[in-house]
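K.L.:
here are the coordinates; sequence isn't available:
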């Protein structure tokens, strides 16, 4: 039986590839969630007027890859100390959030966040929020699998993120 996980960690372009390469992942969709406008467009979300954040919705087989493993991959793609965006992407539409589907996912995310807080890896507080999942709206087609469609632009967008991740997560990547 397949399950879904939703993660927000800045630009959704940079959130697909790390999950896409894992066994047990059946689909990853870039989209918007957490806002108050039905069926928002990229332009609306980018205007900071809808309350949405860019996120990825991952359909996975928990018999092959666990939700715990997905949460660990998630942490290693974000700056969990920056509530105002991620890397060069600034604003509430880029805030880091784990959106849980059920109480089990909530407990797993909270336990993982507590472990990261207690690890001493970061000097600043871990500010990533853990929130109940709400309606997820797929982004426009040109945003889907962006790293495959436009690898040069993806690399440009990923450069600052990649430097941070290497510096802060290299021992676990």
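P.N.:
Yes, it's here. Just so we're clear, the structure is a prediction, and the values are computed from it rather than from any experiment. Residues are numbered from 1 along each chain as shown.
K.L.:
which residue ranges of the chain form helices?
P.N.:
Assigned by DSSP state H, the helices in the chain fall at 16-20, 42-46, 67-75, 103-119, 146-149, 151-169.
K.L.:
as JSON lines, these with mean pLDDT and mean neighbour count would be great.
P.N.:
Any C-beta I mention is one placed from the backbone N, CA and C, and that applies to glycine too. Formatted as JSON lines, these follow (pLDDT from 0 to 100; neighbours: other CB atoms under 10 Å):
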{"stretch": "helix 16-20", "mean pLDDT": "88", "mean neighbour count": "18"}
{"stretch": "helix 42-46", "mean pLDDT": "93", "mean neighbour count": "16"}
{"stretch": "helix 67-75", "mean pLDDT": "96", "mean neighbour count": "20"}
{"stretch": "helix 103-119", "mean pLDDT": "97", "mean neighbour count": "15"}
{"stretch": "helix 146-149", "mean pLDDT": "69", "mean neighbour count": "16"}
{"stretch": "helix 151-169", "mean pLDDT": "67", "mean neighbour count": "14"}
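K.L.:
which one of those lies closest to residue 140?
P.N.:
helix 42-46 (5.8 Å; CB to CB).
K.L.:
OK, contacts around the closest residue to residue 69 other than its chain neighbours?
P.N.:
Take residue 69 and drop its neighbours on the chain: the residue closest to it by CB to CB, 6 or more residues apart in numbering is residue 22, 7.7 Å away. Contacts for residue 22 were tallied using CB atoms under 8 Å, 6 or more residues apart in numbering; they are 65, 69-70, 73.
K.L.:
which of the helices of the chain sits closest to residue 86?
P.N.:
Here helix 151-169 is closest among the helices of the chain (CB to CB), at 7.2 Å.
K.L.:
before we move on, the earlier item: now for the helices of the chain, which one comes closest to residue 5?
P.N.:
Using CB to CB, the helices of the chain put helix 67-75 closest to residue 5, at 5.1 Å.
K.L.:
relative to helix 103-119, how tilted is the closest one?
P.N.:
50 degrees (axes from the mean of the first three to the mean of the last three CA atoms, to 10 degrees).
K.L.:
packing partners for helix 67-75?
P.N.:
strand 3-8, helix 16-20, strand 53-60, helix 103-119 (3 or more CB pairs under 8 Å, 6 or more residues apart in numbering; DSSP states H and E).
K.L.:
kindly recompute the last result at 6 Å.
P.N.:
helix 103-119 (3 or more CB pairs under 6 Å, 6 or more residues apart in numbering; DSSP states H and E).
K.L.:
nearest residue to residue 15 other than its sequence neighbours?
P.N.:
Distance criterion CB to CB, 6+ apart; nearest residue to residue 15, sequence neighbours excluded, is residue 56 at 4.6 Å.
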